[in-house]
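S.K.: Whatever this is, show me its structure:
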Amino acid sequence: MGYVSAVPVPQPVPQPATNASTTNASTSDASAAVATSSRRSLAAALLLGAVGATVVLLASGQVWAEGTAAVAGGTLPLDAKGGDVTGVPTALAIVGLAALVAVFAVRSAGRFLVAALLTLSGAGAAIAAYLGASDSAALNAEAAKATGDTAATVDALTHTAWPYATVAGSLLILLAGLLALRYGRSWPAMSGRYERDGTPRPRKAPVVDPERPEDLWKALDRGEDPTREA
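M.R.: As a prediction, the model looks like this:
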């Protein structure tokens, strides 16, 4: 009796599962991370810019320097507000606010330029406020006006903390500009539905009055059937 040897049948080697789902998940996670980063940077820039401009505008209206001027029979107290010392921080804060809003109305290169303007506004306001913190020209002018002596100067000159509050607000505007420069290209722009794209708008067919012969002839000239009901 013969023996039949059993030949082992090769079994298919299991293939590793495709990583398409893993790739899609990774791409989705990356997109979600980018969107989250964009939203956070946008919110931070808006908050920093708005708060910074508000601080600059409020602080510039406060007293920055105080002193006295010698007059006949005594001394006259004098003070100078931020706007008397320098109007640059106030003007640049307004420019910064306008630039912060304009960031959403422009795209690509225009957005970069507006973001740069926002950054420069914050930097310029901070420098002007810092230099004004030790300025005495405004009080000297007040002393000359009060005494009638053009050579008069202020005595007992002191400075308040408001100039430095203006510097802090200006730095917030600067940070908002830096965020716009770094992340502005991923921020949303003004909705296109408010912009005209030049697409011809559909024209409504004129109403034909069968009681007016001139309307019937005009309809026939346009190739329309005036007897057809709309």
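
S.K.: make it CA atoms for all contacts and neighbour counts henceforth
M.R.: Will do.

S.K.: buried residues in stretch 126-140?
M.R.: 126-130, 132-136, 138-140 (16 or more other C-alpha atoms under 10 Å).

S.K.: Now that stretch: average pLDDT?
M.R.: In this model, stretch 126-140 carries a mean pLDDT of 92.

S.K.: OK, contacts around residue 180?
M.R.: 42, 45, 103, 112, 115 (C-alpha atoms under 8 Å, 6 or more residues apart in numbering).

S.K.: most surrounded residue in the residues you listed?
M.R.: Among those, residue 115 has the most neighbours (other C-alpha atoms under 10 Å), with 26 neighbours.

S.K.: tell me the contacts of that one?
M.R.: By C-alpha under 8 Å, 6+ apart, residue 115 lies in contact with 99-100, 103, 177-178, 180-181, 184.

S.K.: Quick one: which of these has the lowest pLDDT value?
M.R.: residue 184 (83).

S.K.: For residue 119, see how far away it is.
M.R.: 12 Å (C-alpha to C-alpha, to the nearest Å).

S.K.: now residue 157
M.R.: Remark: distance between residue 157 and residue 119 (C-alpha to C-alpha) = 33 Å.

S.K.: Compare these two (neighbour count), which wins?
M.R.: residue 119 (26 against 18).

S.K.: What separation do you get for that one and residue 176?
M.R.: From residue 119 across to residue 176, the span is 7 Å (C-alpha to C-alpha).

S.K.: ok, now residue 76?
M.R.: Where residue 176 is concerned, residue 76 sits at a distance of 43 Å (C-alpha to C-alpha).

S.K.: higher neighbour count, those two?
M.R.: residue 176 (29 against 16).

S.K.: so who does the more buried one touch?
M.R.: If you count contacts by C-alpha under 8 Å, 6+ apart, then residue 176 has 44-46, 48-49, 118-119 around it.
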